[in-house]
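S.K.: Have a look at this prediction, sequence included:
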Amino acid sequence: MDSKQTLVNAERYITEELKVYEEKILHAEEKLLVIEQRLFLELVHHASDYVAQIQQNARVVGVLDCLLSFAVVAKTNKYNKPEISESTRLAIKAGRHPVIEKQLPPGEVYVPNDIYLDNETQQILVITGPNMAGKSALLRQAALIVLMAQMGSYVPAEAATIGIIDKIFTRVGASDNLSRGESTFMVEMTETASILNNLSNRSLILMDEIGRGTSTYDGVSIAWAIVEYLHNHKDFKPKTLFATHYHELNQLTEDLVRVKNFNVSVKEVGDKIIFMRTLKEGGSEHSFGIHVAQLAGMPNKVVLRANEILHFLEKDKHKKRIEGKI
């Protein structure tokens, strides 16, 4: 036994057998890495003769996995086969949002809606209605149904006829980019400009509350001009769903033949509102913003005062209209 180390109150010893064993342990990891590398290279070399077959099998398994997933989801959620055509029509009967309908509370049923767009008679739908009524869900479900159909999936609708769409443009929400000095409104305008500069005759455009980040008059003016531009474009007639709080846009149907007014309906019961979530023809006259604030838990004193101010402003607006006519 050899002395290996002398300490203050102790002496350490080692035997030859322990020394050999220590060396084995210290060199084992290094040898292990060499063996693993050799085995891996042998495997790669052996597999290189079968690269084409392996890639083909991977492709087949991938396709089967994708199609099986489509089939299971379609059967589970009662999806139907869409019809893809060369036309410029988008006709969705009883369409649903595939994600929202799965997140509803037990017992609550998703309210389906029809959407029809084409390049000749009904190119742009101006959709009004209060917050929480379902305007944004309606826009998103249209895009998702188109996307699902064109990637080979069945869709959450009773039926769908989809003329091939080459681009889906969305402007449905923004966040400030403070680090680059861009406000919500600047982001909104930048993205909208990109849409207007890149659209085509087969595009589907979804615009939600364009112009809300600036003053009311600015916002209405910008939204109005955008709808006119999309309708009167010299080369293209992109199909458009345009959700807005600006009821003034309902007047566009008077001059633009392919613009139609729709609203997501609500039912007034006493001083409360019930969201029907049904898309129907015609414009909406009210935003019901104060009702929504009340539902959100706003203090009653604020709600009552907001109602007083609203009546005053509406009366003042009506008075100015009369004076203007006189």
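M.R.: Thanks, I have the structure now. Numbering: from 1, shown residues only.

S.K.: The spatially closest residue to Val99 that is not a sequence neighbour: what secondary structure?
M.R.: Ranked by C-beta to C-beta, 6 or more residues apart in numbering and with sequence neighbours excluded, the top spatial neighbour of Val99 is Leu144, at 7.9 Å. (C-beta placed from N, C-alpha, C; glycine too.) At Leu144 the chain is in helix, as set by DSSP: H, G, I helix; E, B strand; the rest coil.

S.K.: How much space separates Leu144 from Ser284?
M.R.: As for Leu144, its distance to Ser284 is 24 Å (criterion: C-beta to C-beta, to the nearest Å).

S.K.: the more surrounded of the two?
M.R.: Ser284 (23 against 18; other C-beta atoms under 10 Å).

S.K.: ok, the more buried one to Leu256 distance?
M.R.: Taking C-beta to C-beta, one finds Ser284 at 18 Å from Leu256.

S.K.: Leaving out chain neighbours, which residue sits closest to Gly283?
M.R.: Asn250 is the one closest to Gly283 (C-beta to C-beta, 6+ apart), at 3.4 Å.

S.K.: just Thr88 next, same as before
M.R.: Asn119 (4.3 Å).

S.K.: what does Asn77 give?
M.R.: Pro156 (6.4 Å).

S.K.: Can you give the domain ranges for the chain?
M.R.: 15-49, 78-286, 296-326 (automatic domain parsing).

S.K.: most packed of those domains?
M.R.: Neighbour counts (mean count of other C-beta atoms under 10 Å) averaged over each of the domains of the chain peak at domain 78-286, with a mean of 17.

S.K.: chain center to that one, what's the gap?
M.R.: Relative to its chain's centre, domain 78-286 lies at 11 Å (C-alpha atoms, centre = their mean, to the nearest Å).

S.K.: pLDDT on that domain, on average?
M.R.: Domain 78-286 carries an average pLDDT of 90.

S.K.: From here on, call the first residue 299.
M.R.: Right, with 299 as the first residue, what we last looked at is domain 376-584.

S.K.: So what are the sheet partners of the host helix or strand of Ile460 and their directions?
M.R.: Element membership for Ile460 (DSSP states H and E) is strand 457-461. Sheet pairing of strand 457-461 (DSSP bridges) gives strand 381-383 (parallel), strand 388-393 (antiparallel).

S.K.: Same list, the domains of the chain, but as JSON lines with distance to Val370 please.
M.R.: Formatted as JSON lines, these follow (distance: least, C-beta to C-beta, whole Å):
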{"stretch": "domain 313-347", "distance to Val370": "32"}
{"stretch": "domain 376-584", "distance to Val370": "11"}
{"stretch": "domain 594-624", "distance to Val370": "38"}
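
S.K.: So which of these is nearest Val361?
M.R.: domain 376-584 (10.0 Å; C-beta to C-beta).
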